[in-house]
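Enquirer: dropping a prediction and its sequence here:
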Amino acid sequence: MNRAFSISALFLIIFLMVLRCVRSADDIVQDTCKKIAANDPELSFDFCMKSLGSDSESRKVDVEGLGLIGLRLLQAKFSGTIEYIKQLQKRKSEPRLQKALSLCLLAYSTSERKDLTPFYKAKRYLDLNIWVSGMITSEDTCDTQFSMKGGMVPPLTKRNADVYQLSAIVLGIMAIL
């Protein structure tokens, strides 16, 4: 009977350790999002949780790994926004919209860099900070184009907001590191 108790206790301990590891993986995303959202009132904690949590690798990494995930998400959203602007330009639309889209494309294209991952892996956070800040500027410049053109429905509001949020996540994680 003593042996059965020992085996049961061993399984219980292993189960609790595995449960704690799984809980810790979820905690790292939550803790990281809490920290960076506390330092940036414009950053949505829920957006951070949803974005970083959407990658299955987020359960297996540390804060540095979360930064890499955030950077990949940002680059994908940024490149996707450039492609979306190009698609919108192909549609026949009023000249004011075309002009605003052209200015948005110019703003985004000047900040586009094919892959920032090597900078991140080399811990060149100052260089990354400059590029990511440029991405935020692109988003802001694009938003301004539509707000200046009264009466126009801005077609990039959601995408621009996502670029801003993802940029804030990456910058916030770099600040932690």
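Expert: Received it, and whenever you're ready, just let me know what you need. Numbers count the residues shown, from 1 in each chain.

Enquirer: please report how far residue 61 lies from residue 132.
Expert: Going from residue 61 to residue 132 by CB to CB, to the nearest Å gives 19 Å. In short, each C-beta sits where N, CA and C put it, glycine included.

Enquirer: out of the two, which sits in the busier spot?
Expert: residue 132 (27 against 17; other CB atoms under 10 Å).

Enquirer: now do the same contact list for the more buried one.
Expert: Going by CB atoms under 8 Å, 6 or more residues apart in numbering, residue 132 touches 74, 116, 167, 170, 171, 174.

Enquirer: now do the contacts for residue 74.
Expert: With CB under 8 Å, 6+ apart, residue 74 has these contacts: 132, 135, 163, 166, 167, 169, 170.

Enquirer: give the contact list for the residue nearest to the fifth one when sequence neighbours are not counted.
Expert: Residue nearest to residue 167 in three dimensions, not counting chain neighbours: residue 136, with 4.7 Å by CB to CB, 6 or more residues apart in numbering. Counting by CB under 8 Å, 6+ apart, residue 136 touches 163, 164, 167, 168.

Enquirer: helix or strand for residue 136, which one?
Expert: helix 125-148 (DSSP states H and E).

Enquirer: immediately after that helix, which helix or strand?
Expert: Downstream of helix 125-148 (by DSSP H and E), the next one is helix 157-176.

Enquirer: re earlier: most neighbours of all the contacts of residue 132, which one?
Expert: For the contacts of residue 132, the largest number of neighbours (other CB under 10 Å) sits with residue 170, at 30 neighbours.

Enquirer: in this structure it contacts residue 71, no?
Expert: Yes - using CB atoms under 8 Å, residue 170 makes contact with residue 71 at a distance of 5.3 Å.

Enquirer: residue 70 and residue 89, how far apart?
Expert: Distance from residue 70 to residue 89, by CB to CB: 29 Å.

Enquirer: tell me which of the two has more neighbours.
Expert: Taking other CB under 10 Å, residue 70 and residue 89 do not tie; residue 70 has more neighbours (29 against 14).
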